[in-house]
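# Any chance you could fold what I've pasted below:
(chains A and B)
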Amino acid sequence: MVTPHITEILEELYAHDPSLRERESDVVAALEALLRAKPEVPKDDAFFTELKNTLLQNMPSKTSMQSSPSLFSSRSFSLIGAGAALALIIAVPVTYVLTSGKPLSFSHHENLAFTSLQTNAFGVLSFDAPTQSARPTSGMGGGGSPEQALSADKLIYWNPVGYAYHYTGDPLDLTAINPTVYRKSGTYTIEGNGLTSAVIGPVDLSAFQSAQIQNFSLKQRDKNGYSVSVSDDGSIYINANDGLWTTYNEPYTPLTQADIPSDEKLIAIARAFIQRYRMDTSLYGEPVVDRAQVLAADEVAKTGEIAYYPDMMNVTLPLMIEGVPVKQNDGSPYGMSISINIRNSMVVGASITSIQNIDRSTYTLETDPDRIFDVLKNGGPYNYFNNAEAEKIEDVDLGTPEVVLITQYQYENNENALLFIPALKFPIVKKPADFPLYQTSVVVPLPKDILDQATNTPPIYRTLDDGTSAPAEILSPEPVLIK
Amino acid sequence: MEGDFAALYDAYAREIYDFLYFKTFHKTIAEDLTSTTFLKALEAFPRFREQKGATEKSWLYRIAKNTLTDHYRTQKHHLDSETLSLPSHHTPLDDETDTQLAIQKVTAALKKLPEKDQELLILRLWQDLPYKEIALILQKTEASVKMASSRALKALHALLSLLLILTHLVLW
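The predicted structure is shown next:
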């Protein structure tokens, strides 16, 4: 039957293409079939309401809200009490109280908030020596007292090739370096007016008095989306759902050097992700690509062995504190880190520590360049390589350093405080031609406390796995041999 | 701006969702794509200025189409007509299977058309948009949209005829 709707469409088409009249019956049949095949669209009013609320919460101007967000309006929860909003409170030093009806927020600001404390306010700074679990060129560190520095974690591996580091940069003037040590302060307290008194299945959470939310996670429904985990220490981890991980066809095909993208491409992918998910980068510097594993693979490839290039690479925007970039003690940047799957150019994760409040205290820094050079010649205090009994010593040249802050954990009162320590990062400007060296820089911390411990802590040898013993003689006094 | 965007959302959210549902035949995917579309629109809203060739509606549709393209790229396949939802008419139980089959055949034929022809027919026949608006969405002239529409209908009919011959299916 030719309905008015079909007639209207036909007239529109005939006006433009009169030849269609000759095939009217065919066209009408097609129109009728298509109109009858129009599916009923399943709609969920709650979805539209929830989406609108979410969009309005994310308006550029957050001061006026058209509707109160309900983060737990999902049907799987039963909420007791008026309102279902979570309130996030920064306990120290400034308190932000978000009452019911306002959205969850870490109250992120464009600028850090500093609290100046007395000199040496964080106590004696400890030497954060490299640990066994780190990469050979890096030292993640766990902090600790000088006594703890003699533990089995502090290992220096016997190496048939030793490296002698030579400074070839500009004359060093250490007198003008800012002697401030920083400490991340304050914790986030997530209070849920709704959640901590919610009934989840057979369990009434309100029975657990004075309970606090320590962490929570969200997961997008799209298999190509992400899950986000948030902790009350300000750490945020983003992980891709299954769809964004490339599946491998058997057998596994390793990547080659040619598969590794340029820095520009990786940075563009990271920036697109940051922009898409509206991350605030005002506290961070320019992005840096971590090529340590690629460089290591390149070195292996030079020897003719099979080199395994990484499937994932990180782009990190370093945290900036008073204009100084923050690094780890292997020289790699610390801050907002985006992980990219090389095989499909997709972001598969991100790691961010939300930092808002910083304590600062002045410490005495080393100002004698000769002292620094003395530490440098064996590769700095975070180096693994030991020259004792090396069959061959190779020369490595270091260039003019930049002043950085390095992360270090200070253990006190059963908690690890995160410190940011002034240091010098010396770039390696010339490597040995024939021996692999994965390092790209050498870092030397500047507080006298730390340098004194670093140079006075004896290194430890261990017995190698093949049963041969490591050299007994070492450069430093009082060697300790572990079997 | 908040009020303007809220009004935009109220006016077009369901329509955009319908379009994305007609393209994917999947409620959850259509919801996710609708969310992404409006999040992108929210981000770009301050820069949008209605001008010749771009109304708010056509602008939203274009964002939805781009979002859909990104989705297809990551999915590497399109959902086939086997995931179709309920038939558009309430039919007696005995007739439901035949009707469902007929709908599936029509939808399968539709999906064999080029993407742009599918979109054209969906926008005109299922979403009942006038050709003038379709032209803005597809960034073409009204005349070329109508011409393309007539070609698409002829092609659809040819496909349906072939299916009828092959399956001896009597439509309604």
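
# A:Arg343 reaches A:Asp311, doesn't it?
Yes: proximity of A:Arg343 to A:Asp311 meets the contact threshold set by Cβ atoms under 8 Å, at 6.2 Å. Quick note: C-beta positions are derived from backbone N, CA and C, even for glycine.

# which one of these two has more residues nearby?
Set side by side, A:Arg343 and A:Asp311 give different neighbour counts by other Cβ atoms under 10 Å in any protein chain shown, the larger being at A:Asp311 (19 against 15).

# How much space separates B:Phe22 from B:Lys111?
11 Å (Cβ to Cβ, to the nearest Å).

# higher neighbour count, these two?
Neighbour tally, B:Phe22 and B:Lys111, criterion other Cβ under 10 Å: the higher count belongs to B:Phe22, 22 against 15.

# Could you measure from the more buried one over to A:Leu51?
In terms of Cβ to Cβ, B:Phe22 sits 19 Å off from A:Leu51.

# Can you show me the helices along the stretch 301-450 of chain A?
A:369-376, A:448-456 (DSSP state H, counting those that start in this stretch).

# As CSV, could you dump the C-alpha coordinates of the longest one?
It stands for helix A:448-456. Output for helix A:448-456, consisting of C-alpha atoms alone and laid out as CSV, is shown next (Å, rounded to 0.1, in the frame of the first residue of the first chain):
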residue,chain,number,x,y,z
LYS,A,448,75.7,16.0,51.9
ASP,A,449,73.8,13.5,54.1
ILE,A,450,73.2,11.3,51.1
LEU,A,451,76.5,11.6,49.4
ASP,A,452,78.3,10.8,52.7
GLN,A,453,76.3,7.6,53.0
ALA,A,454,76.7,6.7,49.3
THR,A,455,80.4,6.9,49.3
ASN,A,456,80.9,5.2,52.7
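
# Give the buried residues for it.
Of the residues in helix A:448-456, those scored as buried under the neighbour-count criterion (16 or more other Cβ atoms under 10 Å in any protein chain shown) are A:Lys448, A:Asp449, A:Ile450, A:Leu451, A:Asp452, A:Gln453, A:Ala454.

# isn't there a strand covering A:Asn111?
No: the assignment for A:Asn111 by DSSP: H, G, I helix; E, B strand; the rest coil gives coil, which leaves it out of any strand.

# List the residues that contact it.
Shown here is A:Asn111, whose contacts under the criterion Cβ atoms under 8 Å, 6 or more residues apart in numbering or on different chains are A:Ser282, A:Leu283.

# So B:Leu125 is in contact with A:Ala33, correct?
No: when contacts are counted by Cβ under 8 Å, B:Leu125 is not listed as touching A:Ala33 (10.2 Å).

# Could you check how far the host helix or strand of B:Leu68 is from the centre of its chain?
Assigned by DSSP states H and E, B:Leu68 belongs to helix B:56-75. Helix B:56-75 has its average C-alpha position 11 Å from the chain's average C-alpha position, going by Cα atoms, centre = their mean, to the nearest Å.

# do stretch A:206-214 as well
For stretch A:206-214 - counting by Cα atoms, centre = their mean - the centre lies 30 Å from the chain centre.

# Average pLDDT for it, rounded please.
Confidence over stretch A:206-214, taken as the mean pLDDT, stands at 82.

# And for stretch B:151-169?
Per-residue scores along stretch B:151-169 average to 71.

# can you check stretch A:440-449 too?
Over the span of stretch A:440-449, the pLDDT mean works out to 92.

# For stretch A:30-46, list every residue counted as buried.
A:Ala30, A:Leu31, A:Glu32, A:Ala33, A:Leu34, A:Leu35, A:Arg36, A:Ala37, A:Lys38, A:Pro39, A:Val41.

# got those as CSV, with distance to A:Thr407 and pLDDT columns?
What follows is the buried residues of stretch A:30-46, written out as CSV (distance: Cβ to Cβ, whole Å; pLDDT from 0 to 100):
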residue, distance to A:Thr407, pLDDT
A:Ala30, 68, 81
A:Leu31, 68, 82
A:Glu32, 70, 83
A:Ala33, 67, 81
A:Leu34, 63, 84
A:Leu35, 65, 84
A:Arg36, 66, 82
A:Ala37, 62, 83
A:Lys38, 60, 85
A:Pro39, 56, 83
A:Val41, 53, 87
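
# Can I get those in JSON lines including distance to B:Leu136?
Shown next, in JSON lines, are the buried residues of stretch A:30-46 (distance: Cβ to Cβ, whole Å):
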{"residue": "A:Ala30", "distance to B:Leu136": "25"}
{"residue": "A:Leu31", "distance to B:Leu136": "23"}
{"residue": "A:Glu32", "distance to B:Leu136": "28"}
{"residue": "A:Ala33", "distance to B:Leu136": "28"}
{"residue": "A:Leu34", "distance to B:Leu136": "22"}
{"residue": "A:Leu35", "distance to B:Leu136": "23"}
{"residue": "A:Arg36", "distance to B:Leu136": "28"}
{"residue": "A:Ala37", "distance to B:Leu136": "26"}
{"residue": "A:Lys38", "distance to B:Leu136": "23"}
{"residue": "A:Pro39", "distance to B:Leu136": "25"}
{"residue": "A:Val41", "distance to B:Leu136": "23"}
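
# can you narrow the residues you listed to ones near chain B?
Subset of the buried residues of stretch A:30-46 in contact with chain B: A:Ala30, A:Leu31, A:Ala33, A:Leu34, A:Leu35, A:Arg36, A:Ala37, A:Lys38, A:Pro39, A:Val41, counting by Cβ under 8 Å from any Cβ of the partner chain.

# partners of the single nearest residue of the stretch 351-483 of chain A relative to chain B in the sheet?
Distances between the stretch 351-483 of chain A and chain B by Cβ to the nearest Cβ are smallest at A:Ile352, namely 20.0 Å. Taking DSSP bridges, one finds A:Ile236 as the beta-bridge partners of A:Ile352.

# Much appreciated, bye for now.
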